[in-house]
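Colleague: The following block contains a protein sequence and its predicted model.
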Amino acid sequence: MTTTADGSVAGRERLLEEASSTLEELVAHHWRQGPGGRWARRDLSTGQMHLLMVLREQGPATVGRLAEVLEISPPSVSSALDRLEEHGLAIRRRDREDRRVVHAALSSRGRAAAEEACGFRRQKVRHLLGQFEAHELEALLTVLKAVQRGIAGPSRQNGHGV
């Protein structure tokens, strides 16, 4: 296990806990202050909002594929998709070649809502980062690249990614 500069494992655990807590608070604050507040007023859950964003990124996809990407069960995806459809944000279409296959996609209203949320997020991040000094941005970038490597996992780091 890695230790802190003073060599203490307990110190590292304290730092890890504080960093995790702070990051969770920042994400929650961002969600409440930004698109999350608007989505809550539309009665959309975080999971439904996440599905909206995945549909934005992936394009039309089957419930099975969406479940795979979101790492939740197909019935959970179907339920969230029902809610998005109720709000006019998503649509389902049967495959022309195999009528048993159903593809979910964003409606034009859903695309506009997802773009609004992404634009807001981009604007907020840019505003926040604009307050940093150059050396702070460099340090943050170093940390974020380390996070990216951690998310990519060992297989990607070794050039064996999917």
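Modeller: Right, received. Where do you want to start?
Colleague: Which residue comes closest to the residue most central in space within the chain once chain neighbours are left out?
Modeller: A centroid search over the chain (CA atoms, centre = their mean) returns residue 50, at 6.2 Å, as the residue closest to the centre. Closest residue to residue 50 apart from its sequence neighbours, by CB to CB, 6 or more residues apart in numbering: residue 70 at 6.6 Å. Just so you know, the C-beta spots here come from the backbone N, C-alpha and C atoms, and that holds for glycine as well.
Colleague: mind checking pLDDT for the one you found?
Modeller: Per-residue confidence (pLDDT) for residue 70: 94.
Colleague: Now do the same contact list for it.
Modeller: Applying CB atoms under 8 Å, 6 or more residues apart in numbering to residue 70 gives the contacts 47, 50-51, 54, 76-77.
Colleague: Between which two of these is the distance greatest?
Modeller: Every pair in the contacts of residue 70 was compared (CB to CB); the two farthest apart turn out to be 54 and 76, at 12.8 Å.
Colleague: between these two, which one's more packed in?
Modeller: residue 54 (18 against 15; other CB atoms under 10 Å).
Colleague: In terms of pLDDT, where does the more buried one sit?
Modeller: Per-residue confidence (pLDDT) for residue 54: 93.
Colleague: same question, the one 3 residues further on
Modeller: We note a pLDDT of 91 for residue 57 in this prediction.
Colleague: Which strands or helices does the one helix or strand it maps to pack on?
Modeller: If you go by DSSP states H and E, residue 57 is part of helix 46-58. Packed against helix 46-58 by the contact rule (3 or more CB pairs under 8 Å, 6 or more residues apart in numbering; DSSP states H and E) you find helix 35-41, helix 63-70, helix 74-86, strand 90-94, strand 102-106, helix 108-129.
Colleague: One more pass at 6 Å, please.
Modeller: Judged by 3 or more CB pairs under 6 Å, 6 or more residues apart in numbering; DSSP states H and E, the packing partners of helix 46-58 are helix 74-86.
Colleague: residues of the helix it packs on that come out buried?
Modeller: Neighbour counts using 16 or more other CB atoms under 10 Å place 77-78, 80-81, 83-84 of helix 74-86 among the buried residues.
Colleague: ok, back up a step: what's the closest of the contacts of residue 70 to residue 133?
Modeller: residue 50 (33.4 Å).
Colleague: per-residue confidence for that closest one?
Modeller: As predicted, residue 50 sits at a pLDDT of 88.
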